[in-house]
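>>> Here is a sequence together with a model predicted from it:
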Number of protein chains: 4
Amino acid sequence: MTANKGLKIAVIGGGSSYTPELVEGFILHHKELPIRELWLVDIEPGLRKLNIVGNLAKRMVEESGLPIEVHLTTDRREAIAGADFVSTQMRVGMLDARARDESIPLKYDVIGQETTGPGGMMKALRTIPVILDVCRDIEELAPNAWLLNFTNPAGMVTEAVLKYSNVKSIGLCNAPIGLIKQVSSKYSVAPDRVYAEFVGLNHLHWITRIDVEGESKLDEMLADTTAYGAKNVPAREWNPEFLNSLHALPSYYLKYFYMNDAMLEEQLESFKKGGNRAEVVKRVEEELFEIYSNVELKEKPKQLEQRGGAFYSEAAVNLMRSLYNGANDIQTLNVANNGILDFLPDDASIEVNCVVTKNGPLPLPLTTVPPMAKGLIHAVKTYEQLAIEAAVTGSRELAIQALAHHPLVPSVEVAIQMLDEMLEANKEYLPSFFTKETTPAAQ
Amino acid sequence: MTANKGLKIAVIGGGSSYTPELVEGFILHHKELPIRELWLVDIEPGLRKLNIVGNLAKRMVEESGLPIEVHLTTDRREAIAGADFVSTQMRVGMLDARARDESIPLKYDVIGQETTGPGGMMKALRTIPVILDVCRDIEELAPNAWLLNFTNPAGMVTEAVLKYSNVKSIGLCNAPIGLIKQVSSKYSVAPDRVYAEFVGLNHLHWITRIDVEGESKLDEMLADTTAYGAKNVPAREWNPEFLNSLHALPSYYLKYFYMNDAMLEEQLESFKKGGNRAEVVKRVEEELFEIYSNVELKEKPKQLEQRGGAFYSEAAVNLMRSLYNGANDIQTLNVANNGILDFLPDDASIEVNCVVTKNGPLPLPLTTVPPMAKGLIHAVKTYEQLAIEAAVTGSRELAIQALAHHPLVPSVEVAIQMLDEMLEANKEYLPSFFTKETTPAAQ
Amino acid sequence: MTANKGLKIAVIGGGSSYTPELVEGFILHHKELPIRELWLVDIEPGLRKLNIVGNLAKRMVEESGLPIEVHLTTDRREAIAGADFVSTQMRVGMLDARARDESIPLKYDVIGQETTGPGGMMKALRTIPVILDVCRDIEELAPNAWLLNFTNPAGMVTEAVLKYSNVKSIGLCNAPIGLIKQVSSKYSVAPDRVYAEFVGLNHLHWITRIDVEGESKLDEMLADTTAYGAKNVPAREWNPEFLNSLHALPSYYLKYFYMNDAMLEEQLESFKKGGNRAEVVKRVEEELFEIYSNVELKEKPKQLEQRGGAFYSEAAVNLMRSLYNGANDIQTLNVANNGILDFLPDDASIEVNCVVTKNGPLPLPLTTVPPMAKGLIHAVKTYEQLAIEAAVTGSRELAIQALAHHPLVPSVEVAIQMLDEMLEANKEYLPSFFTKETTPAAQ
Amino acid sequence: MTANKGLKIAVIGGGSSYTPELVEGFILHHKELPIRELWLVDIEPGLRKLNIVGNLAKRMVEESGLPIEVHLTTDRREAIAGADFVSTQMRVGMLDARARDESIPLKYDVIGQETTGPGGMMKALRTIPVILDVCRDIEELAPNAWLLNFTNPAGMVTEAVLKYSNVKSIGLCNAPIGLIKQVSSKYSVAPDRVYAEFVGLNHLHWITRIDVEGESKLDEMLADTTAYGAKNVPAREWNPEFLNSLHALPSYYLKYFYMNDAMLEEQLESFKKGGNRAEVVKRVEEELFEIYSNVELKEKPKQLEQRGGAFYSEAAVNLMRSLYNGANDIQTLNVANNGILDFLPDDASIEVNCVVTKNGPLPLPLTTVPPMAKGLIHAVKTYEQLAIEAAVTGSRELAIQALAHHPLVPSVEVAIQMLDEMLEANKEYLPSFFTKETTPAAQ
């Protein structure tokens, strides 16, 4: 890295409402992460937001007195050229597409969610080709850069990058850091005195070990059937008998699988009342940009914390710092499996504790894999692999196979009907599905 | 084997209505399989049927003029002592238990089937302890005997025997031989000119290769969306687009997964009309025993063919012949995985083509594993492993985990409620669940 | 295959003294292997021998009255075009090169042998590029042909073809069939009543099971410390205590490893007396061609049997027959590992029992792998892989690494000196080592 | 751990001349490793040395003013009871046995070395049963203690403990820390700015990555053909062409394999001159104990540094500190393989970088495994596994197999003769080989 002259960072989707958090992190940790250039990139239709949030970023930096240059641009290649880190937080199709991802499945009595289930697949089909385009630019213009991917479905997007580019890439989620914070707060210890072992995939993990100061607190955490949660997933309580015999704390996203009937019912009712999650987020975002526009504002506003996605910025800055300094600390990341889960291919992305060295993350072997979890992990990974191939090839056949093999889809017939409606609704974002002859790749 | 004095065969559950088929097979192939003693064993409550079918067996043998002694007994140990082959075709709880296996899940809008889904699990919980008792006898009284297991769920029962006994055991199903016969008949060639490669588990296989005289007919078979079926699974047509992009012919039992909604609806309607499969079979059986009672009857009656379960006898006799003679021919059997499916444990039972040597079956490596199938295979095997542990330990906790992780069960809550009802209904057959302290084994 | 019009077979190295055996085999088994065209190919310098042996072949066929056309040619492409089987039995550099392979290592007190040790590596470096050229022709002109490779070192040559071509290829050795014959003769049973399990690599196998009529004779075979041998490897007796505790019968080629000191001494003495194996073979060959020239001779002459390499023809014809007819019988072949030896890569060639189907050989899982053998197998395979890469790339660096890691080479210094002398001596056959810039491939 | 009242440490073989180093380390790092009781244990014949070195230890502690109690005892059980750490640095048979280990092989023209080759095997046969006895005590009296094993051959001893006890055990060697120190000194950076990746086994590793401040210095280290060495292995220079194409820095112990001829010659000459390494060490030790006896001495004497085995104490104290504090730092340790080297069994001990957590070391996945190294690693591990089984069972058969499969032993005959002489010479330390019926275990 170009340490002596300071680091260059490119944020793809820089017009996001999250950006002020990231900027705050860069300011707080400038000593260990000496950024000199921060490039916020967005596409034309996002220019208004980019300017609002970008100007806030400039005011925040100015207030800090640090020598960071903030650049706003729609020229992605200029932003990427020579970057040390590229981070992505884009949303192809914006919140309208998310609203469709969440509502169409509900018509078929299937969970509507933007990362889990058919909605997540549509998001993957839209997003993967765009990310791979970004990777082409990185390969050419910043071959030594690290790509930090926050874009959901982060596991699938990361796996697509691992398979179809030469970019050094890591997928990130705020859930693991959130769990650490919850435990840290519950036991009133510093986060670095908490050790948790995560097993599984992005948004599909089980936590098999929770140590506080070296002492196991897993059983106590399992006794609290509401402990581990987040704003964006409804807070249903776990069945205590089930949790206890599982011997592992499941991700809150696993409620869509383990409580499928109740979660679906809740979504259907909530939908009837007019609100899906996309709509809520849309309103919150509008309010945020209103606040950001205030030229007097020179810091991250408190209201951003209600946005959900807590700790995203912290996770990103932590990872950049450890990569830059070779901290050899342990972080939970999405990386290539390489034998950690011995039943998955080496090139499958998994969510796993890693030691972050200067040359990248090294995944730590798992001390326990819950026997119960293996089948579901493999079933979801099978779907993910088929969906990734579908995204890359634009193959309707593979998209059918992906959806038909998703554990939340009740039948092939439903898969095909739902797919047809979703493809049609996303037509403008799926050129490869609609404009060329397709050939399947997953043989 | 005691070749010079002829073979001894013990049939556990010898009072079954299938027995005349087996006897016919023994008579037809006596030259290559020189049986001298055939012991039909059953339990006290089955004594009436044992006598009826046993006497028919005696008349059939007498008619053949072969030197086979037929013994009827309720003394299992006497029958097993010194046997060369032990075959099992028992039904713990008889058809009444089957009726409950098929009806209770329907109350929860879950597939009711005696091998697939919760019904299959209950059958496994009742059956595995009894089979392991049989194994204790074989270990002691006929340690060199081969155990041929037809008892369903054959995959789970075989895996339990592999894990918890030293008996040489092979699981058998009539589905593979049935497919061979269908292809052989369609193309008017001898069955030994058909080669089919089976991938997966018992009642959960995909056929990835169908060669007739060395030429691939897979695409033709896939084009016929009703080709591969059997009497005991409703004949719904496959979606042609799905079948074509799957590039493999799925077992008809896979309809319960791939067409879950439609199959469930059909079961619910059929149940409302008063008929589940157990009831139908019960009526057929009663008629059969009526016929068997006729002392003039000296051969297998034609009506037996309508019973379903075609080719069971052929499969059994084929396997015994090949083991006895070291035929080195290829048969599709349920055996220990040992690396064939690289994502499953070595001791998982799988359904796979094997070369049958004098020292037992050697599984053949698979030339193709459909990427689509891996997740579902692993999900069902995960459930199977948990259910086997539950059966062996009598652990309610493990039974909850097994059912909660079955792909056809919609939630943990449904799993627990359904389990409670099913355990209660099977109380008399589940002593280990109701009479002792249980400790989980699958950690 | 073009069954209706008869088969076309191309024999690369058709001028070999072995050819009459092959022709005899084709004549004897014409019914199951209906050959219509037999093409014997050789290079210009071998034209004299090709004509002699080719004319004998023509006389043999004429005598048989069968409709086989025998073609003699130096046009390899014409011979290969449209062939059903291509068999190779070439010797790049002819017997003079072999003499050097066997004598140069002796100067460094290292075993001089044409397949095991440094001599085998030189043979591989000369041969692999030529075989890959043949493969290019097959890919273009006979893409459905089976390549049967007898050319030594058969394991390495086969692995090179598996890795660097798309040709369907099988490696063959006469040792396994030789063992079967020895056991069959010792116990006076037909060869098909003998079952032996081979574990390891070509010329580096251990036999872990020898059943005669289904009964184990391994201990009896181990008790006879001279039982398993062949003309081309000196007949030293095994240490009985060692053999007994090994629980497996080692290949006679393993004497070069297990009795390295004595075998080397024997070679050194024999060399002093003026005879290495190449010289002996040279004399025998000259006599054979004398005999073949006799226009009255219309059958394979008895003297050929003294040539060594017994059963080569039988092995080849057996394999072609089983492939052509889909015999599903078991033969010991050199094929891709694909998980059979779990510590070797999937694309490593191994020697293993296979079921020969119409679509090619399927390797059988091993029932035992002697723990003692694993290290040596892996050490030799490591050398083989490096040598193959060296042959393909012409990399001196890789050749050094290969030789330095061969278990029979005492040090890096000896490896480098010996390599330099051997490369120089083989200059005319190693264009890629001498004419271009090389880059290593095995990283 | 009993943190509040301070730690208890037992040093088995506490009379060793190394002990003052260890004591110095405990004193220097008392803050992070609050030891309250230090128990030095030795056997009766070592009592004189134990008293000398123990009294020095007491004076050193007194001088430091720290509240550490030093206990000297021959009662191993008392020392172990309730210990937090047990460390072993014993030498069964003392330096006389070492002298035999080093001299007997030389009679057969085989390397005589106390850890590599036949000498190492004899040391393992003597030592493993004693260590397993220690483990029985730990299992009973200090089940939560960590066993830190320095006793050579450390890899084999560690593997024996992993396989045949329930003790939490880690093997340690000073070579990896020595390399770090050499690099740190060469580049004038702190040791924690050096990152090296070790691949292989104890005394059989290759270093594939050497980063200084995140920048690769491997090529520079490879260019220096004498860089990586130690006092106890003769300092022969590597062949530069070989080193360069190996792309990894080999352990100096690998010279016994890669330069076998020259190293043997050197040993033979040195032996003729009357000095083997054991004799040298003996003299050094006598001088050391002379110095230790001086009651004025209250610190580790400078002369100890010439003893060889530098950094042993540092390695031990580092490991205890990290385990006690959960430092999550990276250390190179001997632990169970568990899939890190995918061609070795899970329970094989390997030398590998680990993250040291409060719950023990987690091995880090390897980023590179030199293809050249695989065969030799597997060959030596095969020997090690056979030798461990021989040590545990007292089986002569397994000892023959172990030695016959060691890469440095030229033949089965030499193996058997050498073994017979070595067993006889070690009779008093090998009760299980001489007093009972043995049965082989490695089948």
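Right, received. Where do you want to start?
>>> Looks to me like residue A:371 is in a strand.
No - the assignment for residue A:371, made by DSSP: H, G, I helix; E, B strand; the rest coil, is coil rather than a strand.
>>> in chain A, which spans are strands?
Secondary structure of chain A by DSSP state E: the strands cover A:7-12, A:35-41, A:69-73, A:85-88, A:146-149, A:168-171, A:194-201, A:204-212, A:215-216, A:249-250, A:329-336, A:349-357, A:360-363.
>>> Just give the number of residues close to the closest residue to residue A:113 other than its chain neighbours.
With Cβ to Cβ, 6 or more residues apart in numbering or on different chains as the criterion, residue A:113 has its nearest non-adjacent residue at 5.2 Å, and that residue is residue A:119. Quick note: C-beta positions are derived from backbone N, CA and C, even for glycine. By the criterion of other Cβ atoms under 10 Å in any protein chain shown, residue A:119 has 28 neighbours.
>>> pLDDT at residue A:119, what is it?
Predicted confidence (pLDDT) at residue A:119: the value is 97.
>>> can you tell me which of the strands of chain A the model trusts least?
Ranked by mean pLDDT, the strands of chain A end with strand A:215-216 at the bottom, a mean of 90.
>>> Show me what it pairs with in its sheet, parallel or antiparallel.
For strand A:215-216, the paired strands and their directions (DSSP bridges) are strand A:204-212 (antiparallel).
>>> Pull the distance from the strand it pairs with to the chain's centre.
Distance of strand A:204-212 from the chain centroid (Cα atoms, centre = their mean, to the nearest Å) equals 19 Å.
>>> now stretch A:422-437, how far from the centre of its chain.
For stretch A:422-437, the distance to the chain centre is 24 Å (Cα atoms, centre = their mean).
>>> before we move on, back to that, what residues does the residue nearest to residue A:113 make contact with?
A:98, A:101-102, A:104-105, A:111-113 (Cβ atoms under 8 Å, 6 or more residues apart in numbering or on different chains).
>>> Of all pairs in these, which one spans the longest distance?
Checked with Cβ to Cβ, those reach their widest spread between A:98 and A:111, with 14.4 Å between them.
>>> Could you write out the alpha-carbon coordinates of the longest helix anywhere in chain A in PDB?
Using DSSP state H to define each element, chain A has its longest helix at helix A:118-141. Extracted in PDB, the C-alpha atoms of helix A:118-141 (Å, rounded to 0.1, in the frame of the first residue of the first chain):
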ATOM      1  CA  PRO A 118     -36.700 -15.700  -3.600                       C
ATOM      2  CA  GLY A 119     -36.400 -12.000  -2.900                       C
ATOM      3  CA  GLY A 120     -32.700 -12.500  -2.100                       C
ATOM      4  CA  MET A 121     -32.300 -14.400  -5.300                       C
ATOM      5  CA  MET A 122     -33.700 -11.600  -7.400                       C
ATOM      6  CA  LYS A 123     -31.400  -9.200  -5.600                       C
ATOM      7  CA  ALA A 124     -28.500 -11.500  -6.400                       C
ATOM      8  CA  LEU A 125     -29.500 -11.700 -10.100                       C
ATOM      9  CA  ARG A 126     -29.600  -7.900 -10.300                       C
ATOM     10  CA  THR A 127     -26.400  -7.200  -8.300                       C
ATOM     11  CA  ILE A 128     -23.900  -9.800  -9.300                       C
ATOM     12  CA  PRO A 129     -23.300  -8.700 -12.900                       C
ATOM     13  CA  VAL A 130     -22.800  -5.100 -11.600                       C
ATOM     14  CA  ILE A 131     -20.300  -6.100  -9.000                       C
ATOM     15  CA  LEU A 132     -18.400  -8.200 -11.500                       C
ATOM     16  CA  ASP A 133     -18.200  -5.100 -13.700                       C
ATOM     17  CA  VAL A 134     -16.700  -3.200 -10.700                       C
ATOM     18  CA  CYS A 135     -14.300  -6.100 -10.400                       C
ATOM     19  CA  ARG A 136     -13.200  -5.700 -14.000                       C
ATOM     20  CA  ASP A 137     -12.300  -2.100 -13.200                       C
ATOM     21  CA  ILE A 138     -10.400  -3.100 -10.100                       C
ATOM     22  CA  GLU A 139      -8.500  -5.800 -11.900                       C
ATOM     23  CA  GLU A 140      -7.400  -3.200 -14.400                       C
ATOM     24  CA  LEU A 141      -7.000  -0.100 -12.300                       C
END
